[in-house]
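K.L.:
no sequence for this one, just the structure:
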């Protein structure tokens, strides 16, 4: 069974640009969550999607957005990149239900220069 | 809002010995999940062990076990017979026991080094 796949693995962007990251969940998993990991702030929840709808959102500015497609694949977009957006972005997928544990991808390392 | 605190930024242990990582959390809810995740240099978060708050029995997975003290809001991880492959960042995490609440709240992590 394939795991959670995130693409690309590494990305370098310039300040002011925008970026789109992709996440393909484990087959059958309909919930996809995104996290930002930085040395200073640690792991912070960005948002969660289920059945193409954003169900929960963390405390991030509107420059961070996402969407989910009918096949449960998800993308997150960051517009007008800032240096502080440099981070590891992790995606997690899970089954629906009380005990659905989260399975993580290997992340996308975004560097903003 | 729920918070998770890991007070040990770094820990080290000799191979084959036992180490305990600490975690405390704050919540007003009575039912929830607690997790320990491992993040090796490959960056992928791997679930080590899970505890449901309504279960009194401490969870155990092979060499990994937890000491769950609900009243004290404490959730420590014990690794027995430490192996070189256990070296990683370990994160304690909290999740509400509400259907649809997939958000994980993480602690700051503990970097575990295994000395051969």
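P.N.:
Arrived safely, thanks for sending. All of these numbers come straight from a predicted model, not from anything done at the bench.
K.L.:
From here on, just use CA atoms for contacts and neighbour counts.
P.N.:
Noted.
K.L.:
Run through the neighbouring helices and strands of the strand or helix carrying residue B:66.
P.N.:
Using DSSP states H and E, residue B:66 sits in strand B:64-69. Applying 3 or more Cα pairs under 8 Å, 6 or more residues apart in numbering or on different chains; DSSP states H and E, one finds that strand B:64-69 contacts strand B:46-52, strand B:74-79.
K.L.:
rerun at 7 Å
P.N.:
Counting contacts by 3 or more Cα pairs under 7 Å, 6 or more residues apart in numbering or on different chains; DSSP states H and E, strand B:64-69 packs against strand B:74-79.
K.L.:
Show me what the strand it packs on is packed against.
P.N.:
Strand B:74-79 packs on strand B:19-21, strand B:24-26, strand B:64-69, going by 3+ Cα pairs under 7 Å, 6+ apart.
K.L.:
Model confidence at the residue of chain A found nearest chain B, what's the number?
P.N.:
Across chain A, the shortest distance to chain B (Cα to the nearest Cα) belongs to residue A:106, at 4.3 Å. Looking at residue A:106, its pLDDT is 95.
K.L.:
What of the one 4 residues further on?
P.N.:
The confidence metric pLDDT takes the value 98 at residue A:110.
K.L.:
In the sheet, which strands lie alongside whatever helix or strand it lives in, parallel or antiparallel?
P.N.:
Per DSSP H and E, residue A:110 falls inside strand A:108-112. Next to strand A:108-112 in the sheet, as set by DSSP bridges, lie strand A:10-13 (parallel), strand A:87-94 (antiparallel).
K.L.:
To residue A:19, which of those lies closest?
P.N.:
strand A:10-13 (7.6 Å; Cα to Cα).
K.L.:
Buried residues, the closest one. List them.
P.N.:
By 16 or more other Cα atoms under 10 Å in any protein chain shown, the buried positions in strand A:10-13 come out as residue A:13.
K.L.:
Now do the helix or strand following it: distance to the chain's middle.
P.N.:
Sequence order places strand A:19-24 as the next helix or strand after strand A:10-13, per DSSP H and E. Put simply, strand A:19-24 sits 7 Å off its chain's centre (Cα atoms, centre = their mean, to the nearest Å).
K.L.:
helices and strands around strand A:19-24, which ones?
P.N.:
Here strand A:19-24 touches strand A:5-7, strand A:74-78, going by 3+ Cα pairs under 7 Å, 6+ apart.
K.L.:
what about it, average pLDDT?
P.N.:
Averaged across strand A:19-24, the pLDDT comes to 98.
K.L.:
so after it, what's the next helix or strand?
P.N.:
strand A:31-38.
K.L.:
contacts for that following strand?
P.N.:
Around strand A:31-38, the neighbours that count as contacts under Cα atoms under 7 Å, 6 or more residues apart in numbering or on different chains are A:25, A:43-50, A:74, A:87-96.
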